[in-house]
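Q: curious how this folds, go ahead:
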Amino acid sequence: MKKLLFIIMLLLSTFIYADMYVNGVELNSTKAHYIKVEIKYSLGKTLVYVDYGQDEVIRHRRVTNKNNEKRYFVSVADVLNTFYNNDWEIKEVFTVPSGGSDDSSISGTSYYIFERMIIK
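A: I've put the predicted structure just below:
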């Protein structure tokens, strides 16, 4: 029974391909080879913003579903796995420091550079 369940889960996972939209545009339909991803936390939920070269303010770069509703992620790992499952590979991660003073800690925003994987 365990083997059957494992096989079914394996087969289903090969067909899982979550569409990701950014302001009504399906991300995988763009000609972008590289994208910059910013992950933010809002009220205990994880939001993702994508820059693929479009000329839009950040609030219009949010990842949504096909109905243009905010798409929430569980965690950073959920975001990274979702992008990987959609054929995007991490190439670089960097943090831009912000805030802070001599007596306080510095926070920052992390950005992820993804490259579209070439499927052979």
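
Q: which residues does the nearest residue to Val22 once chain neighbours are set aside contact?
A: Nearest non-adjacent residue to Val22, counting by C-beta to C-beta, 6 or more residues apart in numbering: Val50, 4.9 Å away. Any C-beta I mention is one placed from the backbone N, CA and C, and that applies to glycine too. Taking C-beta atoms under 8 Å, 6 or more residues apart in numbering, we find Val50 in contact with Met20, Val22, Leu27, Ile35, Lys36, Val37, Glu38, Arg61, Val63.

Q: for His60, same thing?
A: Asn23.

Q: ok, now how distant is the residue sitting nearest the centre point of the chain from Asp55?
A: Among the residues of the chain, Val79 comes closest to the average C-alpha position under C-alpha atoms, centre = their mean, at 4.6 Å. Val79 sits 24 Å away from Asp55, taking C-beta to C-beta, to the nearest Å as the criterion.

Q: tell me which stretches of the protein form helices.
A: Counting by DSSP state H, the chain has helices at residues 2-15, 76-85.

Q: weakest of those helices by average pLDDT?
A: Lowest mean pLDDT of these: helix 2-15, a mean of 49.

Q: nearest to Glu115, of the contacts of Val50?
A: Ile35 (8.3 Å; C-beta to C-beta).
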